[in-house]
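K.L.:
Predicted model, plus sequence, below.
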Amino acid sequence: MIIAVDGPTASGKGTIAKALAAHFGLPHLDTGLLYRAVGRQVFLDGGDPDDAGDALAATSFPDSLLDDPHLRDEQTGGLASRVSVHPAVRQALYERQRSFATQEGGAVLDGRDIGTVIAPEAEAKLFVTASVEARAQRRFLEMHERGAGVTLLEIQDDLRRRDERDRNRAVAPLVPAADAIVIDTSALGKDEAIAAAIEAVTHAIS
């Protein structure tokens, strides 16, 4: 069984995907981490994330980079959004994601194009979303706990820019799959969102 969980930044899709993986006993892949690794590698290489050549070269990042704590930084998130617009980058990472999705027994993947591109045959597809204000508040609290000096307004502006890039890129834009179940977590707590997702997946596969 393949479960696809898509949605914008800070919507709660990662938390939901991990919970679904634990509930259904499936391995989980945060595909956004792959794009963050590419963005981080571009930075380490001194390259330009908006340059297709520099971004493609960074897709050969070492697996050890996936453990780099800087991958969770706001700066790296912005770089990930910028490198992800390049078709060559998306193609380079496609096989890696596809292999994980089609492993024996199934898997849970979260990202932005799992249900539409990576695993369109997924038995259960969720699109997790939330308002910019709700997402910014969550990210602000998360960053505050890490001691990051970023304002709520800056996070809101960054999320809007990322949404704009993700929704309007030529390849694999951020859109719900036609058969995806949409879950708006704006007014939901963590446990409520997870419960709604488990119920939705259970219904989809029954």
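P.N.:
Thanks, I have the structure now.

K.L.:
Do a quick rundown of the helices in the chain.
P.N.:
Ranges of helices within the chain are 13-24, 32-45, 52-57, 74-83, 87-101, 132-145, 152-168, 190-205, based on DSSP state H.

K.L.:
quick one: contacts of the third one?
P.N.:
Contact partners of helix 52-57, identified using CB atoms under 8 Å, 6 or more residues apart in numbering, comprise Val38, Val42, Asp45, Gly47, Asp48, Pro49, Arg82, Val83, His86, Ala88, Val89, Ala92. All C-beta atoms are positioned from the backbone trio N, CA, C, and that covers glycine.

K.L.:
Repeat that for the fifth one.
P.N.:
Under the criterion CB under 8 Å, 6+ apart, residues 2, 27, 29, 31, 34-35, 38, 52, 55-56, 59, 83-84, 107, 109, 111, 113-114, 117-119, 122, 170-172 lie in contact with helix 87-101.

K.L.:
Would you show me how to pick out the buried ones of these in PyMOL?
P.N.:
For the buried members of the contacts of helix 87-101, the matching PyMOL selection, counting by 16 or more other CB atoms under 10 Å, is:
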select buried, resi 2+29+31+34+35+38+55+56+59+83+84+107+109+111+113+114+117+118+119+122+172
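
K.L.:
circling back to that earlier point, how about JSON lines for the contacts of helix 52-57, with pLDDT and distance to Val150 added?
P.N.:
Listed next are these as JSON lines, based on pLDDT from 0 to 100; distance: CB to CB, whole Å:
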{"residue": "Val38", "pLDDT": "97", "distance to Val150": "23"}
{"residue": "Val42", "pLDDT": "98", "distance to Val150": "21"}
{"residue": "Asp45", "pLDDT": "97", "distance to Val150": "25"}
{"residue": "Gly47", "pLDDT": "97", "distance to Val150": "24"}
{"residue": "Asp48", "pLDDT": "98", "distance to Val150": "23"}
{"residue": "Pro49", "pLDDT": "97", "distance to Val150": "19"}
{"residue": "Arg82", "pLDDT": "93", "distance to Val150": "18"}
{"residue": "Val83", "pLDDT": "95", "distance to Val150": "21"}
{"residue": "His86", "pLDDT": "93", "distance to Val150": "26"}
{"residue": "Ala88", "pLDDT": "93", "distance to Val150": "31"}
{"residue": "Val89", "pLDDT": "94", "distance to Val150": "26"}
{"residue": "Ala92", "pLDDT": "92", "distance to Val150": "31"}
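
K.L.:
Ser81 contacts Asp166, doesn't it?
P.N.:
Yes: with contact defined as CB atoms under 8 Å, Ser81 reaches Asp166; the gap is 6.4 Å.
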